[in-house]
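A.B. asks: model the structure of this input:
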Amino acid sequence: MPKEIIYNNEHLWLANLGNAFISVALAAALFSSISYYLSFRNPNSTAFKSLARTFFTIHVISVFGIIGSIFWMMLNHYFEFTYVWQHTNMEMETRYVFAAFWEDQAGSFLLWTFWHAVIGVILMCTSKKWEAPVMVPLGLVQTFLCIMVVGIYFKDLPIGKNPFALLRDAAENFNAPIFQDENYVSKMAKTAHGLNPLLKNYWMTIHPPTLFLGFALTVVPFCFAIAGLMTRKHKEWQKIALPWSFVGVLVLGTGILMGGAWAYEALSFGGFWAWDPVENASFVPWLTLVGTAHLILINKSTGRSVFSTYIFSVVTFILVLYSTFLTRSGILGDSSVHAFTELGLERLLVFFLMFFMAMPVAFLMKKWWAGLIYFSVTALLIVIGELIGHRTLIYWIWGFGTIAIIFYEYFKNFLQYEQVEERAWSREFWMFIGALLLMLFAIAVGAFTSLPVFNRMFGTKTNLQDNGINLYNIIGLIFGIFILGLMAITQFFKYKNTDMRKWKTNFIYSGILAFVATAVIVSNFYNTASYAASSPAQKNSFGVSPFFIFFALFALFANGEYFVRVLKGKIKNAGSAIAHIGFAMVMIGCVISNSGKRVISKNKAGGPDISALGPKFSNNTNIFLQKNDTIAMGEYFVTYKGKEKKGINVYYQVEYFSEVNGKKEYQFTLYPLIQLNERMGSTNEPDTKHFLSKDVYTDITYAETVSKEELEVQNGWTGTENNVIHLTDSIVTNEYIITLDSLKTSLNEEEFKKQDSVLVVTAVLSVFDMQKKVRKVYPQYILRNREVIPTEFIDDTLGLKFVFWKINPEEGSVEITLSEKVAKKKEFIVMEAFEFPWINVLWGGCLIMIFGTGLAVFHRIRQNRISSKNEKKSEAKTESKPKPEADENLV
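C.D. replies: Now for the predicted structure:
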């Protein structure tokens with residue numbers, strides 16, 4: 001029996017404390033939900049409500065305890081914990097500890113749980129008579145989120161990922177030699193992974209918490225919708241949910257825009273956005289949340305669209321859960337730069353998703369026993385799928401059955417709210433059409449995003465190549481045209497009925513102004529080199545762009561006119577108009593900056609051939625710059641002045657000049673950088689010069705990170721670097737690409753077996769310079785009496801020294817060391833540069849849209865307070881009226 005190892009310096013007390021917090025948080029959330037349901041069923045008793053509040057308070061404290069424990073172990077570098085070892089190291093600056101916390105899947109789940117806990121406390125204190133039915137679903141959501149960090153196994157099914165798991169307990173570390181050492185903890189700091197270099201950016205301190213707060217806020221309309229179904233009060237809940245919906249629109253939209261800003265500033269996307277399923281997974285719920293807020297507005301003003309509001313409120317939260325499934329199940333694979341890798345949580349996430357899809361359907365049924373049967377059948381189908389397989393078929397059967405039930409309940413119980421036909425010239429009619437368009441657009445985006453899911457379900461291998469992405473862009477432009485058109489005209493409609501004679505004259509001037517501005521913008525763009533150099537697929541999308549720009553300008557001017565002429569410039573009531581103006585500006589800036597994006601870093605003929613560096617390097621988008629050389633680039637001249645290392649970052653100084661009267665005048669300097677990371681690989685980060693009318697974006701695509709002064713030099717040569725290569729493989733140096741063409745031997749097998757034999761194997765290498773000029777070199781591997789004799793091969797012309805010292809017959813590879821002559825070593829960079837015209841229109845639009853949505857939120861809160869005061873006054877007047885005396889003659 002092996003001797004039990006007593007490990008030193010492990011902080012097991014913290015693991016026990018953290019796991020205790022998880023257990024208490026999970027149990028308290030579940031008991032809180034149950035107690036609130038009992039309170040709902042027994043409204044005359046205060047005992048259940050007090051108990052529910054106590055449980056939820058314990059849950060909140062426990063969630064804070066979990067998060068506090070994780071921060072404690074990260075800040076104190078307890079590397080025996082997998083969480084700390086994977087996401088931090090001794091070199092990581094303390095300011096990045098928040099990014100390290102939510103880099104991990106468990107951390108992001110806990111961030112989501114934290115925001116729900118905060119929202120729950122607010123709802124608990126402000127919901128009054130709605131508290132019990134609203135907190136029932138919220139408690140269940142928190143229960144499931146806590147399950148996601150439990151980290152146990154049920155047979156072969158992983159139940160969450162535990163943030164307090166010890167590194168030595170991981171399956172891949174079973175019997176690892178280092179964990180046989182009782183003092184292993186002291187050695188773990190040297191091997192700690194650290195934070196992903198892409199996340200070492202201030203945007204990653206504020207973007208994820210903002211985005212997850214936006215995700216968390218979608219639960220509020222969902223919970224109120226469930227409460228409406230539970231109480232059968234289908235209209236009353238919407239007034240309270242309205243401000244929450246607009247807060248969600250504001251925060252989630254801001255989080256998405258922050259992600260775009262991070263991508264533009266810190267990632268080498270070459271723009272403010274790139275096709276990525278995870279970005280779309282957050283965008284789709286925002287679209288339906290906007291639709292939800294507008295449908296609640298319709299219901300508040302007219303009492304209509306009751307069932308549609310239920311659908312949108314529920315679907316928005318379900319889409320957030322679906323985005324969680326996409327990013328955490330591993331199903332996206334390599335199609336997203338954001339998604340977590342395969343974590344084994346796919347089945348648990350499907351249960352999570354199905355439970356909250358089934359919940360509103362169960363409460364939709366009038367008979368409690370019908371809802372219970374439906375829930376039981378759902379659970380039974382899940383169990384059958386786990387036992388006998390065929391889960392996809394079972395999910396399809398369940399899905400179609402659920403849709404049938406929804407239609408049945410609608411026609412039976414909700415059609416009465418939609419009996420009066422909406423007038424085509426009423427505001428609510430066009431707002432409903434707008435919400436419907438948002439839902440259809442969300443479905444279209446979701447379909448493109450879900451291609452990996454469809455591939456898994458149907459066994460296909462469809463993926464989005466350039467043509468697919470261009471199709472996606474065209475679909476987005478077409479939907480955008482209709483949505484922007486509605487944003488322009490709907491403000492001028494009145495609820496229930498509109499005088500069409502007055503309506504027609506409201507935005508004539510806005511339409512004319514938009515037409516003239518579109519003509520100017522489009523004529524200027526179509527005469528640029530960017531359009532001439534674009535691909536046929538891009539030209540197809542550009543063909544839609546003029547219409548898109550017109551309707552975006554139309555929405556901008558029409559809402560501006562509405563603000564000035566109808567609202568008389570009263571800003572407190574102008575939130576929606578200002579938000580629409582901002583959104584229109586975002587759309588204009590998006591299309592103009594993307595369509596007019598111009599590559600200015602084209603490698604001119606006669607210069608070094610950049611494509612020799614590899615397939616990812618193109619002469620059409622990259623430029624070669626040697627240190628202190630000045631070359632023309634677009635309307636600029638650029639000079640690479642050298643590099644400077646600061647901490648883990650290497651900054652490359654690139655100066656820009658313009659030619660004025662035959663002289664070069666200095667304009668600005670950019671410092672794109674490469675962030676060094678030995679464990680995860682270095683990453684590049686662009687730098688951008690911002691002008692009023694454009695941005696100049698610069699990024700390093702190839703460069704050495706070590707200066708001549710830092711090189712290990714021996715007799716004028718750099719330190720040797722070993723290269724393991726196969727036939728036709730290449731070695732890339734600062735100036736050359738070296739390819740192994742063939743191997744030639746001096747002896748056959750019989751001669752080699754003789755005594756005193758000398759085997760010489762010659763490696764035939766082709767050395768290509770940046771002009772694709774080739775020179776052959778012939779380093780030799782010499783084996784005398786089965787003993788290797790290392791031999792240097794020096795080419796002074798190239799400034800290269802080779803030692804062919806090893807052959808690996810089983811792998812079919814050879815090993816050759818390489819050194820470079822320091823005197824001949826030239827420092828250079830390869831960089832790309834783009835111009836984005838008028839991108840500040842986009843960023844300005846973002847700020848205006850956020851400001852306008854914030855105004856709308858405060859306006860709705862103010863209206864609710866006034867409405868509540870009026871209701872209290874009305875109730876007080878009713879109570880103060882003298883009651884009629886009873887008629888003694890009545891029996």
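A.B. asks: confidence score at residue 515?
C.D. replies: For residue 515, the model assigns a pLDDT of 93.
A.B. asks: what do you get for the one 5 residues further on?
C.D. replies: In the prediction, the pLDDT value recorded for residue 520 is 88.
A.B. asks: residue 751 too?
C.D. replies: Among the per-residue scores, residue 751 holds a pLDDT of 59.
A.B. asks: centre-most residue in this structure?
C.D. replies: Closest residue to the average C-alpha location of the chain: residue 279 at 4.1 Å, with C-alpha atoms, centre = their mean.
A.B. asks: doesn't that one belong to a helix?
C.D. replies: Yes: residue state for residue 279 (DSSP: H, G, I helix; E, B strand; the rest coil) corresponds to a helix.
A.B. asks: which one is it nearest to, not counting chain neighbours?
C.D. replies: residue 259 (6.4 Å; C-beta to C-beta, 6 or more residues apart in numbering). C-beta here means a position set from N, CA and C on the backbone, and glycine is covered the same way.
A.B. asks: what's the neighbour count on the one you found?
C.D. replies: Neighbour count for residue 259, taken as other C-beta atoms under 10 Å: 24.
A.B. asks: per-residue pLDDT of the residue nearest to the centre of the chain, please?
C.D. replies: Per-residue confidence (pLDDT) for residue 279: 73.
A.B. asks: then residue 492?
C.D. replies: Predicted confidence (pLDDT) for residue 492: 80.
A.B. asks: same deal with residue 110?
C.D. replies: Reported pLDDT for residue 110: 95.
A.B. asks: quick check on it: phi, psi?
C.D. replies: phi -70, psi -30 (degrees, to the nearest 10).
A.B. asks: count residues in the vicinity of the spatially closest residue to it that is not a sequence neighbour, would you?
C.D. replies: Nearest non-adjacent residue to residue 110, counting by C-beta to C-beta, 6+ apart: residue 67, 5.6 Å away. Counted with other C-beta under 10 Å, the neighbours of residue 67 add up to 20.
A.B. asks: list the contacts of the nearest residue to residue 221 once chain neighbours are set aside.
C.D. replies: Using C-beta to C-beta, 6+ apart and skipping the chain neighbours, the partner closest in space to residue 221 is residue 313 (4.0 Å). By C-beta atoms under 8 Å, 6 or more residues apart in numbering, the residues touching residue 313 are 221-222, 224-225, 241, 292.
A.B. asks: coming back round to it: which SSE is the residue nearest to residue 110 in?
C.D. replies: Using DSSP states H and E, residue 67 sits within helix 47-75.
A.B. asks: what is that helix packed up against?
C.D. replies: Where contact means 3 or more C-beta pairs under 8 Å, 6 or more residues apart in numbering; DSSP states H and E, helix 47-75 is packed against helix 12-41, helix 82-87, helix 97-103, helix 105-126, helix 131-147.
A.B. asks: for the fourth one, which positions count as buried?
C.D. replies: Which is helix 105-126. 105-117, 119-120, 123-124 (16 or more other C-beta atoms under 10 Å).
A.B. asks: the longest one now?
C.D. replies: Neighbour counts using 16+ other C-beta under 10 Å place 14-15, 17-19, 21-22, 24-40 of helix 12-41 among the buried residues.
A.B. asks: give the rounded mean pLDDT of it.
C.D. replies: So the average pLDDT for helix 12-41 ends up being 96.
A.B. asks: that helix vs helix 105-126, what angle?
C.D. replies: On the basis of axes from the mean of the first three to the mean of the last three C-alpha atoms, to 10 degrees, helix 12-41 is oriented at 40 degrees to helix 105-126.
A.B. asks: quick one: distance of helix 12-41 to the chain centre.
C.D. replies: Distance of helix 12-41 from the chain centroid (C-alpha atoms, centre = their mean, to the nearest Å) equals 30 Å.
A.B. asks: and the last one, by the same measure?
C.D. replies: Its chain's C-alpha centre and that of helix 131-147 lie 26 Å apart, by C-alpha atoms, centre = their mean.
A.B. asks: show me what it packs onto, helices and strands only.
C.D. replies: Helices and strands touching helix 131-147, by 3+ C-beta pairs under 8 Å, 6+ apart, are helix 12-41, helix 47-75, helix 105-126, helix 219-231, helix 346-364.
A.B. asks: hmm, 6 Å instead?
C.D. replies: helix 12-41, helix 105-126, helix 219-231 (3 or more C-beta pairs under 6 Å, 6 or more residues apart in numbering; DSSP states H and E).
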